[in-house]
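Enquirer: Next come a sequence and a model predicted from it.
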Amino acid sequence: MADKDVMKQTLEAVTSKIDKAIDEYAPAPVKEQLKSLEAVHPFLKQAYVVGGAIMIPVLLIFYFLGGLKLLVNLSSFSYPAYKSLQAISISDPAEDKQWLTYWIIYGSFSILESGLGFLVALIPYYNIIKLGIFIYLYHSTTKGATMVYDKVIAKYVVPLISGKKETKDE
């Protein structure tokens, strides 16, 4: 019981320090947003502040390890890998098409990027553009990889692979 009381007192001291820091340093719009958040969930205000304070060093570590390129590559790989593993366990041809096409595009993009690194270096904001492209390809509302398959791969690549010529009627 004594351990719980000590922990409770420590947490109360920490949360009061966080509240004082918010009152002193946070701009007015941030304070308003945190107060509206606190009205709904009383303990989330401190959690958001602490979480934000923790994220800054984490992002700096990522930046120093590999910079924006590492963050872009992780975000282009992690979520699609998770969704691909989910798609394996369900039998939905649309999901299979989405994720198989995504990985074809991802692999092609990676090969071209490594071979044409000298050109990639000349493109301003390349990593941000790349992130936008990959989010478009994998996001559940856009399903960009499926669209690329339907509009490009099915029309031009599949006939080359299968050996069939496309007719003009299609």
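Expert: That came through fine. Everything quoted here is computed from the prediction, not taken from an experiment.
Enquirer: Give the residue spans of this protein that score low on pLDDT.
Expert: By pLDDT under 70, the weakly predicted segments of the chain are 1, 165-170.
Enquirer: can you point me to the longest helix in it?
Expert: Taking DSSP state H as the criterion, the chain has its longest helix at helix 44-89.
Enquirer: Which other helices and strands does that helix contact?
Expert: Taking 3 or more CB pairs under 8 Å, 6 or more residues apart in numbering; DSSP states H and E as contact, the helices and strands that helix 44-89 lies on are helix 2-25, helix 28-40, helix 93-115, helix 126-138. All C-beta atoms are positioned from the backbone trio N, CA, C, and that covers glycine.
Enquirer: can I get those helices in TSV with distance to G66?
Expert: Formatted as TSV, these follow (distance: least, CB to CB, whole Å):
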stretch	distance to G66
helix 2-25	31
helix 28-40	30
helix 93-115	15
helix 126-138	11
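Enquirer: most tightly surrounded among those?
Expert: helix 126-138 (a mean of 16; mean count of other CB atoms under 10 Å).
Enquirer: Toward the C-terminus, what is the element adjacent to it?
Expert: helix 144-148 (DSSP states H and E).
Enquirer: which other residues reach that next one?
Expert: A94, K97, Q98, W99, T101, Y102, I105, Y136, L137, Y138 (CB atoms under 8 Å, 6 or more residues apart in numbering).
Enquirer: just the angle between the longest helix of the chain and helix 126-138, please?
Expert: 60 degrees (axes from the mean of the first three to the mean of the last three CA atoms, to 10 degrees).
Enquirer: chain center to helix 44-89, what's the gap?
Expert: Averaging C-alpha positions (CA atoms, centre = their mean, to the nearest Å) puts helix 44-89 7 Å from its chain's average.
Enquirer: Quick one: work out the angle between it and helix 2-25.
Expert: 100 degrees.
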